[in-house]
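Novice: Fold the stuff below for me.
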Amino acid sequence: MIKRVSRKKLDVNKYTECLNKSVNYHIYAEVFYLDALVENNWDCYVLNDYEAIMPLPYTKKIGIKFITQPIYCQQLGVFHQENFSKETFQLFEKKLHRNLVRAYAFNEENTEIFEPKGIKRVNQILDIRQSFNIIFENTLKDRKKDFRRNDVEELKIIKETNIYKFIEIQQSNHSFTEKLDLNLFQNFLTNNSISNHLIQFTLNTKDDKTLCSALVLQAKKRIILLSSARNKNIETKGGFAYLIYKIIEHFSGNQYIFDFEGSNLEGVNKFNKSFNAKINMYTTYCNLSFKKNIFLSNNNFLIL
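Specialist: Here you go, the predicted model:
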């Protein structure tokens, strides 16, 4: 039996145990992660006694719930152990379809095994379990030039957990489309549970002027490139590529996958691919047409 459980009634221990034992763990589904993004505004479909789980973030308009994928949360979906049947997955999927869904992202493993309905999106990952020298040799020629050009400069890589420094760099050099985005980002990054998983890497000049910075999320076997910022006032050729190399070097040789949070945007996709990143597809589902009057949609609204 699959039942819907609100965040307030969720058995956090059983939920967390199910997630940690799943074959397709993603940090995005952690209770502390979703709480930091959307507070109590998420429910969960639960199979029997937490044999499988499917978190459902939502927004509310005029008392109606809309399933909505939060920003900074690339993939969710169904989390399960081995020998999970396609028939059971489809029961979860049908449950989702009965909601008003603005956007919902099934994870890579769901997409590969069960092929849920929706649009496939690009994620790009790099296996960094090998030594950095081997990883470096498999990157494109232009990327190697970026590394060698900057490696002889008097540049400094600073690794720190002072997230406020990253916020300062981001705010000074990048405009957010809405002020709410910046506030959400700051609150999310400074959440104690989240910050325990965050590391900031910054590339500075010899006189401590910041060239660029990257924020990575360390999540079990994944190192996720969560966000980045560049100083628009200082020209640096290949500086960001050099910073990515140094982050990869820092974590290489261990049981990690470097997750670029890949993009369908051609320029970003090409940059990630130049590091020999491989494509993993995930699926986003939506059953709402924004051209339609939402009140007309409400005529066929199903109780959540």
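
Novice: Show me the shaky parts of this structure.
Specialist: Along the chain, the parts satisfying pLDDT under 70 run over 173-182, 290-304.

Novice: One more pass at 50, please.
Specialist: Per-residue confidence for the chain (pLDDT under 50) gives these ranges: 177, 291-304.

Novice: just so I have it, where are all the strands in it?
Specialist: For the chain, the strands identified by DSSP state E occupy 2-6, 42-47, 52-61, 64-68, 79-80, 101-106, 119-127, 156-160, 198-204, 210-219, 222-230, 257-259, 278-285, in order along the chain.

Novice: right, so these: which one is the most enclosed?
Specialist: Highest mean neighbour count among these (mean count of other CB atoms under 10 Å): strand 79-80, with a mean of 24. Backbone N, C-alpha and C define where each C-beta goes, glycine included.

Novice: And that strand, what does it pack against?
Specialist: strand 52-61 (3 or more CB pairs under 8 Å, 6 or more residues apart in numbering; DSSP states H and E).

Novice: Distance from the chain centre to the strand it packs on, please.
Specialist: Relative to the mean C-alpha coordinate of its chain, strand 52-61 is positioned 16 Å out (CA atoms, centre = their mean, to the nearest Å).

Novice: Check stretch 225-239 too.
Specialist: The chain centroid and the centroid of stretch 225-239 are separated by 20 Å under CA atoms, centre = their mean.

Novice: Also stretch 39-52?
Specialist: For stretch 39-52, the separation from the chain centroid amounts to 20 Å (computed by CA atoms, centre = their mean).

Novice: Name the surrounding residues that touch that stretch.
Specialist: For stretch 39-52, the surrounding residues in contact (CB atoms under 8 Å, 6 or more residues apart in numbering) are 1-8, 10-11, 14-15, 17-18, 22, 34, 53-60, 78-81, 84, 88, 92, 95-96, 304.

Novice: Equivalent analysis for stretch 282-291, please.
Specialist: Defining contact as CB under 8 Å, 6+ apart, one finds that stretch 282-291 is touched by 66, 69, 74-75, 77, 96-97, 99-108, 110-111, 115-121, 123, 297.

Novice: if you set the cut-off to 6 Å instead, what comes out?
Specialist: Identification of contacts with stretch 282-291 by CB atoms under 6 Å, 6 or more residues apart in numbering yields 75, 100-108, 111, 116, 118-121, 123.

Novice: same check, this time on stretch 81-91
Specialist: By CB under 6 Å, 6+ apart, the list of residues contacting stretch 81-91 reads I2, K21, V23, V78, F114.

Novice: Tell me the buried residues in that stretch?
Specialist: By neighbour count, and taking 16 or more other CB atoms under 10 Å as the criterion, the buried residues in stretch 81-91 are F84, T88, F89.

Novice: and of those residues, the nearest to H197?
Specialist: If you rank the buried residues of stretch 81-91 by distance to H197 using CB to CB, F84 comes first, at 26.7 Å.

Novice: what number of residues lie near H197?
Specialist: The local packing count at H197 equals 17, with neighbours defined by other CB atoms under 10 Å.

Novice: OK, contacts around it?
Specialist: L217, Q218.

Novice: ok, now with 10 Å
Specialist: Residues touching H197, when contacts are defined by CB atoms under 10 Å, 6 or more residues apart in numbering, comprise I27, E30, F32, Y33, V216, L217, Q218, A219, K220, I224, L226.

Novice: do you know how far it is from E108?
Specialist: In this view, H197 and E108 are 20 Å apart by CB to CB, to the nearest Å.

Novice: One more: D35?
Specialist: Using CB to CB, one gets 23 Å for the distance from D35 to E108.

Novice: More neighbours: which of those two?
Specialist: Relative neighbour count places E108 above the other of D35 and E108, with 22 against 17, counting by other CB under 10 Å.

Novice: Not counting residues beside it along the chain, what's closest to the more buried one?
Specialist: The shortest distance from E108 to any non-neighbouring residue, by CB to CB, 6 or more residues apart in numbering, is to N280 (4.4 Å).

Novice: Counting neighbours, which bits of stretch 126-133 end up buried?
Specialist: Neighbour counts over stretch 126-133 (16+ other CB under 10 Å) mark L126, I128, F132 as buried.

Novice: typo on my end, stretch 129-149
Specialist: Using 16+ other CB under 10 Å as the burial criterion, the residues of stretch 129-149 that qualify are F132, I135, F136, T139, R143, K144, D146, F147.
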